[in-house]
Structures are given as C-alpha cells and as structure tokens.
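Chemist: Quick check, what structure comes out for this input:
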Amino acid sequence: EYGGRRMAEFPLDPQLSRMLLASENENCSEEIITICSMLSVNNAIFYRPKDKFVHADHARVNFFRPFGDHLTLLNVYNQWVETNYSTVWCFENFIQYRSMKRARDIRDQLLGLLERVEIEPQSDPSNVDGIRKCIAAGFFYHTAKLQASGTYRTIKHNQTVQIHPSSSLFQTAPKWVIYHELVFTTKEFMRQVIEINPEWLLEVAPHYYKQKDIEDSSKRKMPKGAGKAQINR
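Modeler: Just a heads-up that it's a prediction; the model follows:
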C-alpha cells in the first residue's frame, strides 16, 4: 500500500517514495534505497576528463549491467562498498568521490526512514525483476515504447524521445523502457533508463494503464535487431 502518510515520511520525490514503498513486497528494500540514493545525486557519478575520455568511457562500460542504468548505478555503489568506500578506487574508475559520499549520506538517512515506516531492510540482489518492478511502481508514467523508426515514444504525451548516448541501453534498444528524466540537448533524451516488461504496468498502476495501452503492435516492422529483451547474463 503506497499510502500518502507513509510516503510523506520520505524527503524524496513522490516517485522515489513510491518505489521505496513497493520494495516491501519484493523484499529488496536495501537495493532500492541504494538506487534512490544514487539517482538523487543528479547524474554526477561518472566524470569524463577530455584528455582521458577513452579510459573514462571504458571504465564506465565495465560497470554496465543487463537491463539498464539503475542496475548499473546499484553495481557501482556495491563495488564501492566492497572497497570500504575508497577514494582511490573512485579516482581509478573515473567516479566522483563527493557524489558517492553524498549518495552514502542519503542512503543512511533512508535506512533510518525505512525503520520509521516499518519496512524491513531486506536484500535480494538476484531479484532483478523485483527491483525493476519497484522502479516501474514509482515511475510508471515515465514509460516509452520503441517505434519502427528506432526512436521511442512516451506513452503519456506521445513525445518522440531517444536513449541518452551515455546509457548502458544505448546500443540495445529494448521495446519498453522507463526513464528517470528527460533532458533536452540537440534532441529530447531519456536519462537513466531501465528495460521493463509492459505487463508490470497493469500490476503496479492499474488506475493508469489498461490492456489496450500495452497491446503489442509487433506486427509493425521493428528496426533490425531491436526490441529484443536482454538475456540476464
């Protein structure tokens, strides 16, 4: 139950709060508070110095995880924890130490708030579907679907958008995605993108999505190799 009273306890956007409350059912609250904390530091995790951008890009790709950027952020944080919050490790991996430290502070605060709303801190890193379902519960109206042209269209406003080139999903083009935010540069880009199963939308937001919204129009031609769900490697 994503009750308003419980949501009001969190000093977060309502979407992030909903995502946290959904984690109770999926037994992955530890993973979700990490993802919330990393999303809260506003894309300031990786840096890309001009003289070392090849190394920086290579370092970033090494953190990529199947299904998208939220799981990549989770991976970055968990690896940092394993180094005992090392500054050197951040420097070697082109990661902003100050952003990570801020994410850790936010995470500590959220851990305390879980207790206040009586959500058990539980960890299940292998529950990739559950983690993505929680993200869908929070950000269900940030959904976009791949079009035959190779661009995406947002379900809510029918807006043409694309996956940001820095995303781990930039090359893969899954059929259905949820994005954290839209940024406009030369085009409208989706930033922090995760692949979802559209059926989850009916489950987490039945007031917003009906079967006809997610019916598969796969009879229409798709770009070659696009729209294939990723295998969990």
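
Chemist: Please enumerate residues in contact with the top helix by length along the chain?
Modeler: For the chain, the longest helix by residue count, based on DSSP state H, is helix 97-116. The contact list for helix 97-116 (Cβ atoms under 8 Å, 6 or more residues apart in numbering) reads 9-12, 20, 29, 33-34, 36-38, 40-41, 44-45, 76-77, 80, 85, 87, 90-91, 120-121. Quick note: C-beta positions are derived from backbone N, CA and C, even for glycine.

Chemist: So which bits of that helix are buried?
Modeler: Neighbour-count burial for helix 97-116 flags Ser99, Met100, Arg102, Ala103, Arg104, Ile106, Arg107, Leu110, Leu113, Leu114 (criterion: 16 or more other Cβ atoms under 10 Å).

Chemist: With stretch 144-158 instead?
Modeler: Residues Ala144, Lys145, Leu146, Gln147, Thr151, Tyr152, Arg153, Thr154, Ile155 are the ones in stretch 144-158 that count as buried (16+ other Cβ under 10 Å).

Chemist: so how far is Ala144 from the fifth one?
Modeler: In this case it means Thr151. Distance of Thr151 to Ala144, computed by Cβ to Cβ, to the nearest Å: 9 Å.

Chemist: Next, show the common contact partners of the two.
Modeler: Common neighbours of Thr151 and Ala144 (Cβ under 8 Å, 6+ apart) are Val161.

Chemist: for the chain, what are the low-confidence residue spans?
Modeler: 1-5, 216-233 (pLDDT under 70).

Chemist: so what's the spatially most central residue of it up against?
Modeler: For the chain, His70 is the residue whose C-alpha lies nearest the centre (Cα atoms, centre = their mean; 3.1 Å). His70 makes contacts with Ile35, Leu39, Ile131, Arg132, Ile135, His180, Gln192, Ile194, as judged by Cβ under 8 Å, 6+ apart.

Chemist: Remind me which helix or strand Leu182 belongs to.
Modeler: For Leu182, the element it lies in under DSSP states H and E is strand 176-184.

Chemist: For that strand, buried residues please.
Modeler: Trp176, Val177, Ile178, Tyr179, His180, Leu182.

Chemist: Help me confirm that Lys145 is found in a strand?
Modeler: Yes: according to DSSP: H, G, I helix; E, B strand; the rest coil, Lys145 belongs to a strand.

Chemist: wait, it sits on Asn158?
Modeler: No: look at Lys145 against Asn158 with Cβ atoms under 8 Å: they stay out of range, at 10.2 Å.

Chemist: Now do the strands for this structure: every range, in order, please.
Modeler: 143-146, 152-154, 160-163, 176-184, 188-195 (DSSP state E).
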